[in-house]
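[1] coordinates only, no sequence provided:
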C-alpha cells in the first residue's frame, strides 16, 4: 500500500541514495514479480522528476531471456548523455549479478550507478530508507573507529545477551554497509550495518528481535514472543533454547548442517529508521540497531576462512551495548552518537563480488545453483505432528 510514509521512502531513495535525479539521467528499473509495486512506485517518482525509466522484468536466479530484454534499454556508451541509473528490486534473491557486471563493463565506472535492493516492499520504504546515507555512515564510523583498533569486546543486550569476543582486524576484514556509492561498486540496500568475523566468541546470545536467513521461508521471523537463547563456546553454538516449536525445528535443522553452528559473523545494526521487526524473512530486521550473530556461512574471503556452509542464519537482538578493550564507556547501539571523523578506508563494502569466487557478503540467494544446494527447510508443524 502506498502510504505517505512509503512515498517519503521512495523520495529518500532518489534524493539521498541516488543523489538526486538529473534531467540527463538514463534510468532502468529491473524487478522481479514479487517487487512489482516497488518498481512502479519508483518509476512514478522518476517520471514526476522528468525522467522516464525503462522497466525490465526478470525471473529470479535463472532467466535465459534477461539480457535479451535488457539490451534494448541500454544506450551506447558514446551516446550516454549523463548518468546511467540501474535500480533493481527483489524480495528474497539477488539475481543476475555477473550478467549486470559484464554489461556495465563497457561503461565508464564514474558514469553509472547501480542500486540493488533486497527485501523490497512497503516496510523497506516506510522505515529502512528514511535515514540518509551520511547519517548511517557516521554511525558506522562511530563503531568502527573503536572496534577496529581493539582486541576484545564485551557485549550485553537487554534481553540477556552476554558475550565475550576476541577480534583480529588485521586478519579478518570489516564490512560496512552505509548506502554510499563508490566507483564501480553496487550499492546494497537496505543499508546500516557493520560486521566482521570474530576470532573467538563465548557466552550467551538472547535473540529477542528477529531472525534472518539465506533461505526462502514463510516463517514469521519475529522473536519478541519467543526469544532464542544460544549458548556459544569457542566460536560454536553448543545448544539453544526456544519455547516455539516451529522455530526450534528450523533452528535445530540449521545448526545441524555441516559448519552450521559456527559463528561466522558478528554484526551491529545502525539503521535507526527500523524501530519494529517485520514478519517476513528480511534484511530490514538485520539493520535494526542491535547485535546479531550469523551462524553458518561467514563473511570473509574463502582464502581467509576456508570452511563452507550453505546456510547463513542471523539471530538479532533488540539493542545492545559494546565495551571495547578497557574503555569503561560502552557504545550504546540504540543511542549511538554519530562520529564526526571520516569513515575508515580499510574496510569492505557490502557489495556482491563475483559469486563464483565466493567473495560476497549479501545473504540473499545469488543463483540457481546456490538455491539447489540449500538444505530443504523443515515442513511447518501441523496438528498431525502432535
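    That came in fine, so what should we check first? Just so it is clear, the structure is predicted and the values come from calculations on it, not from any experiment.
[2] burial measure for residue 297, as a count.
    Other residues near residue 297 number 24, with proximity taken as other CB atoms under 10 Å. (C-beta placed from N, C-alpha, C; glycine too.)
[3] okay, and the beta partners of residue 231?
    residue 204, residue 239 (DSSP bridges).
[4] with residue 85 instead?
    residue 27, residue 113.
[5] ok, it - contacts?
    Residue 85 makes contact with 18, 25, 26, 27, 28, 53, 112, 113, 115, according to CB atoms under 8 Å, 6 or more residues apart in numbering.
[6] cool, and residue 138?
    Contacts of residue 138 by CB under 8 Å, 6+ apart are 338, 339, 340.
[7] most neighbours among the residues you listed, please name it.
    residue 339 (18 neighbours).
[8] picking up where we left off before, I'd like the contacts of residue 138 as CSV, with pLDDT and secondary structure appended.
    Shown next, in CSV, are the contacts of residue 138 (pLDDT from 0 to 100; DSSP: H, G, I helix; E, B strand; the rest coil):
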residue, pLDDT, secondary structure
338, 98, coil
339, 98, coil
340, 97, coil
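[9] ranking the contacts of residue 85 by neighbours, who comes first?
    Top of the contacts of residue 85 by neighbour count (other CB under 10 Å): residue 27, with 24 neighbours.
[10] wait, doesn't it sit right on residue 56?
    No: shown here, residue 27 and residue 56 do not form a contact pair, counting by CB atoms under 8 Å, at 11.2 Å.
[11] for the chain, give me the ranges with low pLDDT.
    For the chain, the stretches with pLDDT under 70 are 349-386.
[12] for residue 195, helix, strand, or coil?
    strand (DSSP: H, G, I helix; E, B strand; the rest coil).
[13] tell me the bridge partners for it.
    On the basis of DSSP bridges, residue 195 is bridged to residue 175, residue 267.
[14] got the domain ranges for this structure?
    4-127, 132-178+190-339+346-373 (automatic domain parsing).
[15] can you show me the helices along the stretch 151-300 of the chain?
    245-255, 283-287 (DSSP state H, counting those that start in this stretch).
[16] relative to residue 73, which of the ones you listed is closest?
    helix 283-287 (27.0 Å; CB to CB).
[17] just how off-centre is that closest one within its chain?
    Remark: helix 283-287 is offset 6 Å from the chain centroid, using CA atoms, centre = their mean, to the nearest Å.
[18] over to stretch 269-278?
    Worked out by CA atoms, centre = their mean, stretch 269-278 lies 12 Å from the chain centre.
[19] how about stretch 312-325?
    That offset, for stretch 312-325, works out to 15 Å (CA atoms, centre = their mean).
[20] all strands in the stretch 201-350 of the chain, in order from the N-terminus.
    210-213, 228-233, 236-241, 263-269, 290-296, 312-316, 321-324, 331-332, 348-349 (DSSP state E, counting those that start in this stretch).
[21] between those strands, which one is nearest to residue 11?
    Between those, strand 263-269 lies closest to residue 11; by CB to CB that is 23.3 Å.
[22] Three-state assignment for residue 134, please.
    Using three-state DSSP, the three-state assignment for residue 134 comes out as helix.
[23] give me the neighbour count for it.
    When neighbours are defined as other CB under 10 Å, residue 134 has 14 of them.
[24] likewise for residue 40?
    15.
[25] before we move on, the earlier item: any idea which of the contacts of residue 85 is the one closest to residue 234?
    Among the contacts of residue 85, and counting by CB to CB, the member closest to residue 234 is residue 115, at 39.8 Å.
[26] residues near residue 48, how many?
    The burial count for residue 48: 11, using other CB under 10 Å.
[27] to clarify, my last question referred to residue 105.
    Neighbouring residues of residue 105 were enumerated by other CB under 10 Å; the total is 9.
[28] try the one 4 residues further on
    As a burial measure, the neighbour count of residue 109 was computed by other CB under 10 Å and equals 11.
[29] what sits against it?
    183, 184.
[30] and if you look at the one 3 residues further on?
    Residues near residue 112 by CB under 8 Å, 6+ apart: 83, 84, 85, 86, 104.
[31] equivalent analysis for residue 103, please.
    67, 70, 74.
[32] and if you look at residue 294?
    195, 263, 264, 265, 266, 267, 312, 313, 314, 363.
[33] burial count for the second one?
    Just to be clear, that refers to residue 263. Here the count is done by other CB under 10 Å, and residue 263 has 24 residues near it.
[34] for it, name its beta-bridge partners.
    In beta-bridge terms (that is, DSSP bridges), residue 263 pairs with residue 295.
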